[in-house]
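Student: Next one to model:
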Amino acid sequence: MKEYWEVLRDLREDHDLRQADVAAVLGTTQQVYSRYENGTNELPLRHLKTLCLYYHVSADVILGLPKETS
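Tutor: Numbers count the residues shown, from 1 in each chain. Predicted coordinates for the structure are as follows:
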């Protein structure tokens, strides 16, 4: 199971985006977004929601949760 910051990087790279591009979507700086991808800073819920809408994925995908929980 990947950590969420690894998923963030994978999503960004899969969409051929730079950190600055995603930071602009979030209304933050490239430096702050870089800290999210490195796992240094935790991703705020408001940014999680924005990224889910932007990438058209559920929060479960970004958070690396299994498809089924028992």
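Student: Now do the helices in the chain.
Tutor: 4-14, 19-26, 30-38, 45-55, 59-63 (DSSP state H).
Student: Now these in CSV, please, with extra columns for mean pLDDT.
Tutor: Shown next, in CSV, are these (pLDDT from 0 to 100):
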stretch, mean pLDDT
helix 4-14, 97
helix 19-26, 98
helix 30-38, 98
helix 45-55, 98
helix 59-63, 95
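Student: contacting residues around residue 64?
Tutor: By CB atoms under 8 Å, 6 or more residues apart in numbering, residue 64 lies in contact with 1-4, 6-7. Yep, even glycine has a C-beta here, placed from its N, CA and C like the rest.
Student: Which PyMOL command selects the buried ones in those residues?
Tutor: Selecting the buried subset of these in PyMOL, with 16 or more other CB atoms under 10 Å as the burial test, is done by:
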select buried, resi 4+7
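Student: could the contacts of residue 64 be laid out in a markdown table, adding distance to residue 26?
Tutor: Listed next are the contacts of residue 64 as a markdown table, based on distance: CB to CB, whole Å:
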| residue | distance to residue 26 |
| --- | --- |
| 1 | 24 |
| 2 | 20 |
| 3 | 19 |
| 4 | 14 |
| 6 | 18 |
| 7 | 15 |
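Student: So which of the contacts of residue 64 is the closest to residue 65?
Tutor: Set against residue 65, the nearest of the contacts of residue 64 by CB to CB is residue 1 (8.3 Å).
Student: quick one: which of the contacts of residue 64 is nearest to residue 46?
Tutor: Checking the contacts of residue 64 one by one against residue 46 (CB to CB), the nearest turns out to be residue 4, at 14.8 Å.
Student: Surely that closest one and residue 63 touch.
Tutor: Yes: in terms of CB atoms under 8 Å, residue 4 counts as a neighbour of residue 63; the distance is 5.3 Å.
Student: What distance do you get for residue 3 to residue 16?
Tutor: Residue 3 sits 22 Å away from residue 16, taking CB to CB, to the nearest Å as the criterion.
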